[in-house]
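# okay, sequence plus prediction incoming.
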Amino acid sequence: MDNNKKISDISILIAEDEEKLLTSMVEYLQLFFTHVYAARNGASAYEIYQKEKPDIIVADIHMPRLDGLSMIEKIRKKDETTKIIITTAHSDKEKLLQAIELHLVKYLVKPVPSDKLKELLFSLVDELRKKNHLIYLKEGYYWNDQTHKLYQGEKEIVLKPREQKVLTLLCSKANQTVSSIDIYNTLYEDQPERDFSSNAITSLIKRIRRKLPRETLKSSYGVGYILVTK
């Protein structure tokens, strides 16, 4: 994962009633994530969840107005997919058993080391991205292999039909050599009688490279090209 770019496609909600701890967690996570929401009680957290639909929730068990487990129970009635991490100041076996039934990602005993939380969140980001059919390149670029669209952050990079067709092929075989002949056959699959032209491929690859980060689309000398992911 590229730590030089903030994660903008995955959002996080932090629900914690200790104000200083909440502030420090939010400030720390904002170093890595663009969208970080904060709530000091379970009722506010649930309202934010309904409005923002965060991908990941980190919630304390003991909160005013609505405790963490009750909040999660409300969420789980209709939502089994949001990633939820529960935190508590002490290990409570009875509550732990109850939490397990709520399909949580993790049960963490406070104080939670920052590096441990970061590692867990980053692993969830990778998991969510795979589920969302995203292939991550360099410098915040990514490819959606369902819609066959290229993005840099939240901005779509406009592709012409042939560029899109070639990138779809290259991304489907990321980090593998794709021969120039395979690229040509994909481009002109409706014209099987057409003679192979390396110049046509070279010209198209140059145009695609201008729309990608440097060193993303590499040549495999005499064979074809490799799309390099992070």
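Perfect, I can see it now.
# domains in the protein, by residue range?
12-132, 136-227 (automatic domain parsing).
# okay, how far is it across the shortest one, tip to tip?
Okay, so that is domain 136-227. 11 Å (C-alpha to C-alpha, to the nearest Å).
# from the chain's centroid, how far away is that domain?
When C-alpha coordinates are averaged (C-alpha atoms, centre = their mean, to the nearest Å), domain 136-227 and its chain have centres 22 Å apart.
# just the longest one next, same as before
Shown here is domain 12-132, whose average C-alpha point lies 17 Å from the average C-alpha point of the whole chain (C-alpha atoms, centre = their mean).
# which SSE is residue 38 in?
Here residue 38 is covered by strand 36-39, with elements defined by DSSP states H and E.
# mind listing the strands that strand pairs with, and their directions?
Here strand 36-39 is paired, per DSSP bridges, with strand 12-15 (parallel).
# convert the strand holding residue 38 to PDB, retaining C-alpha atoms only.
C-alpha atoms of strand 36-39 as PDB (Å, rounded to 0.1, in the frame of the first residue of the first chain):
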ATOM      1  CA  VAL A  36     -12.600   9.800   8.900                       C
ATOM      2  CA  TYR A  37     -15.800  10.400  10.800                       C
ATOM      3  CA  ALA A  38     -16.000  10.700  14.600                       C
ATOM      4  CA  ALA A  39     -18.800  10.200  17.200                       C
END
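# can you map out the strands along the protein?
For the chain, the strands defined by DSSP state E occupy 12-15, 36-39, 56-60, 83-88, 106-109, 134-136, 141-144, 149-152, 155-157, 177-179, 217-220, 224-227.
# contacts for the strand holding residue 38?
11-16, 22, 26, 29-30, 45, 47-48, 52, 54 (C-beta atoms under 8 Å, 6 or more residues apart in numbering). Bear in mind the C-beta positions are built from the backbone N, C-alpha and C, glycine included.
# ok, of these, which one's closest to residue 118?
Of all the contacts of strand 36-39, residue 118 sits closest to residue 29, with 8.1 Å by C-beta to C-beta.
# what residues does the closest one make contact with?
Taking C-beta under 8 Å, 6+ apart, we find residue 29 in contact with 12, 14, 36, 121.
# mind giving me the PyMOL select for these, buried ones only?
To isolate the buried members of these in PyMOL, using 16 or more other C-beta atoms under 10 Å:
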select buried, resi 12+14+36+121
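# now the contacts of residue 29 in a markdown table, with distance to residue 62 and pLDDT?
Listed next are those as a markdown table, based on distance: C-beta to C-beta, whole Å; pLDDT from 0 to 100:
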| residue | distance to residue 62 | pLDDT |
| --- | --- | --- |
| 12 | 20 | 97 |
| 14 | 15 | 97 |
| 36 | 22 | 97 |
| 121 | 22 | 95 |
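# format the contacts of residue 29 as JSON lines; extra columns: distance to residue 5.
Listed next are the contacts of residue 29 as JSON lines, based on distance: C-beta to C-beta, whole Å:
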{"residue": "12", "distance to residue 5": "16"}
{"residue": "14", "distance to residue 5": "21"}
{"residue": "36", "distance to residue 5": "15"}
{"residue": "121", "distance to residue 5": "15"}
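# hmm, residue 140 is touching residue 155, no?
No. Counting by C-beta atoms under 8 Å, residue 140 stays clear of residue 155, with 9.5 Å between them.
# those two: which is more packed in?
residue 140 (19 against 10; other C-beta atoms under 10 Å).
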